[in-house]
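S.K.: coordinates only, sequence not included:
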């Protein structure tokens with residue numbers, strides 16, 4: 001069961017590891033990123049940031065989609081974290097269903113549009129967010145679980 005799907009370029013850190021895991025009673029974090037899945041050092045850093053009460057999977061997009069759609073995590077409380085919104089486009093196209101995507105922190109080297117101080121998108125981010133919106137997937141801006149979620153529309 002997916003209890004959260006968040007875009008945060010920092011992936012797992014204090015806010016995600018502590019606040020979101022408690023608020024959503026997360027049993028497994030999943031970082032979905034093709035490059036990080038191949039980087040042993042990055043995976044070790046993510047393991048250290050993951051609360052001891054939670055399991056961690058660091059997977060490339062294709063394997064994550066296959067595992068989720070096969071029901072591998074159905075008995076768990078899965079919280080997915082990605083760096084870029086385009087990862088959710090790929091997951092959705094592969095059959096993963098999302099009730100909502102939480103926009104936490106998005107940053108780009110070539111900012112095309114800023115939505116607030118935490119959402120600074122490049123054109124690739126805007127294109128992906130547009131595609132997610134067109135797929136009918138609700139998106140909210142919410143830095144921490146204590147913040148009121150704000151509906152996000154382009």
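M.R.: Ah, there it is. Just so it is clear, the model here is predicted, and its values are computed rather than measured.
S.K.: Quick check: next helix or strand after the helix or strand hosting residue 63?
M.R.: Assigned by DSSP states H and E, residue 63 belongs to helix 61-69. Using DSSP H and E, the helix or strand that directly follows helix 61-69 along the chain is strand 78-82.
S.K.: Not counting its neighbours along the chain, what's nearest residue 57?
M.R.: Distances taken as CB to CB, 6 or more residues apart in numbering put residue 30 closest to residue 57, at 4.5 Å, once the chain neighbours are dropped. The C-beta positions use only the backbone N, C-alpha and C, and glycine is treated the same way.
S.K.: before we move on, what about residue 42?
M.R.: residue 36 (4.7 Å).
S.K.: where's that neighbour relative to residue 45, distance?
M.R.: For residue 36, the distance to residue 45 equals 9 Å [CB to CB, to the nearest Å].
S.K.: Quick one: distance of the helix or strand of the chain with the lowest mean pLDDT to the chain centre.
M.R.: Lowest by mean pLDDT, DSSP states H and E among the helices and strands of the chain is helix 14, with a mean of 81. Relative to its chain's centre, helix 14 lies at 15 Å (CA atoms, centre = their mean, to the nearest Å).
S.K.: quick one: contacts for the residue nearest to residue 57?
M.R.: Residue 30 sits next to 56, 57, 58, 59, 64, 73, 78, 79, 80, 81 when contact means CB atoms under 8 Å, 6 or more residues apart in numbering.
S.K.: Kindly recompute the last result at 10 Å.
M.R.: The contact partners of residue 30, taken as CB atoms under 10 Å, 6 or more residues apart in numbering, are 2, 5, 55-59, 64, 67-68, 73, 76, 78-82.
S.K.: Report the buried members of these.
M.R.: By neighbour count, with 16 or more other CB atoms under 10 Å, the contacts of residue 30 hold 2, 5, 56-59, 64, 67-68, 73, 76, 78-82 as buried.
S.K.: What is the longest helix of this structure by residue count?
M.R.: Longest helix in the chain, counting residues (DSSP state H): helix 123-134.
S.K.: Show me what counts as buried in that helix.
M.R.: Here helix 123-134 shows 125, 126, 128, 129, 131, 132 as buried, counting by 16+ other CB under 10 Å.
S.K.: pLDDT at the fifth one, what is it?
M.R.: We have a pLDDT of 98 for residue 131.
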